[in-house]
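**Student:** how does the following fold in three dimensions:
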Amino acid sequence: MRKEAQVERCGWAGSEQIYVDYHDTDWGVPEYDSRALWEKLVLDGFQAGLSWITILKKRDNFRSAFSGFDPDVIATWSEPEVRRLLQDPGIVRHRGKIEATIGNAQAWQRLERDKGFDRFLWDYVGGKPIQNRWRDMSEVPAFTPLSQQISRDLKKAGFRFCGPTIVYAFMQAVGMVNDHLVTCPRHAEVAKLGVST
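**Tutor:** Residues are numbered from 1 along each chain as shown. A predicted model of the protein is given here:
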């Protein structure tokens with residue numbers, strides 16, 4: 001009798017419960033809410049130079065410190081709020097990233113007024129997730145020509161901390177691309193979510 005091949009999660013999920021839960025319920029699920037998309041882009045910007053699990057463990061602290069990631073609130077902030085956040089041990093205390101978040105909120109407002117931040121992003125993929133079929137983590141790119149283009153366009157719109165690698169990680173997280181390995185049970189589950197939108 002032939003033994004069935006073992007189905008496993010994507011290797012990056014590891015065994016730490018917070019990471020496993022993020023992989024199983026959040027990562028790769030298509031996100032179409034404009035504010036939620038902005039929050040994820042900001043958090044990916046804070047990840048620059050760090051591991052995602054560092055940000056994930058602080059995500060609730062970030063939400064509290066940044067007023068629920070309401071860009072309309074954050075867009076009004078200035079030096080007093082920057083100084084307050086630099087004293088908050090629950091977040092990543094990096095002046096450049098904090099100041100970029102305020103500028104990114106203002107850039108979000110402009111794009112939101114123009115066409116909607118959600119449409120701005122999802123138009124790059126025709127409104128539907130790109131369904132990749134990677135079999136091994138070594139096949140998954142760090143960035144793509146599309147993430148390079150989106151990065152350039154975000155920077156033109158006034159965003160910071162949104163290089164091509166950050167943008168590709170963001171695209172994976174919000175389901176613009178399905179980069180679960182085909183051997184992972186979430187690949188098929190997430191693919192179905194992309195079809196129904």
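**Student:** downstream neighbour of the longest helix seen in the chain in the secondary structure list?
**Tutor:** For the chain, the longest helix by residue count, based on DSSP state H, is helix 95-114. Downstream of helix 95-114, the first helix or strand assigned by DSSP states H and E is helix 117-122.
**Student:** residues of that following helix that come out buried?
**Tutor:** 117-118, 120-122 (16 or more other Cβ atoms under 10 Å). Heads up, the C-betas are built off the backbone N, CA and C, glycines and all.
**Student:** let me know the next secondary structure element after that helix.
**Tutor:** In N-to-C order, the element after helix 117-122 by DSSP H and E is strand 130-131.
**Student:** how far does that next one sit from its chain's centre?
**Tutor:** 16 Å (Cα atoms, centre = their mean, to the nearest Å).
**Student:** go on, stretch 20-37?
**Tutor:** For stretch 20-37, the distance to the chain centre is 8 Å (Cα atoms, centre = their mean).
**Student:** first-to-last residue distance for that stretch?
**Tutor:** 21 Å (Cα to Cα, to the nearest Å).
**Student:** for stretch 43-52, the averaged confidence score.
**Tutor:** Across stretch 43-52, pLDDT averages out at 94.
**Student:** so who does the residue at minimal distance from the centre of the chain touch?
**Tutor:** Nearest to the mean C-alpha position of the chain, by Cα atoms, centre = their mean, lies Phe170 at 3.2 Å. Taking Cβ atoms under 8 Å, 6 or more residues apart in numbering, we find Phe170 in contact with 40-41, 44, 162, 176.
**Student:** and the furthest pair within the buried residues of helix 117-122?
**Tutor:** Phe117 and Trp122 (9.6 Å; Cβ to Cβ).
**Student:** can you tell me the SS state at the residue nearest to the centre of the chain?
**Tutor:** Under DSSP: H, G, I helix; E, B strand; the rest coil, Phe170 falls in the helix class.
**Student:** show me the shaky parts of this protein.
**Tutor:** Residue ranges of the chain with pLDDT under 70: 1-7, 195-197.
**Student:** rerun that using 90 as the cut-off
**Tutor:** 1-8, 194-197 (pLDDT under 90).
**Student:** what segments of it are helices?
**Tutor:** Per DSSP H, the chain carries helices over the ranges 17-25, 34-47, 52-65, 71-74, 79-86, 95-114, 117-122, 145-156, 164-173, 185-195.
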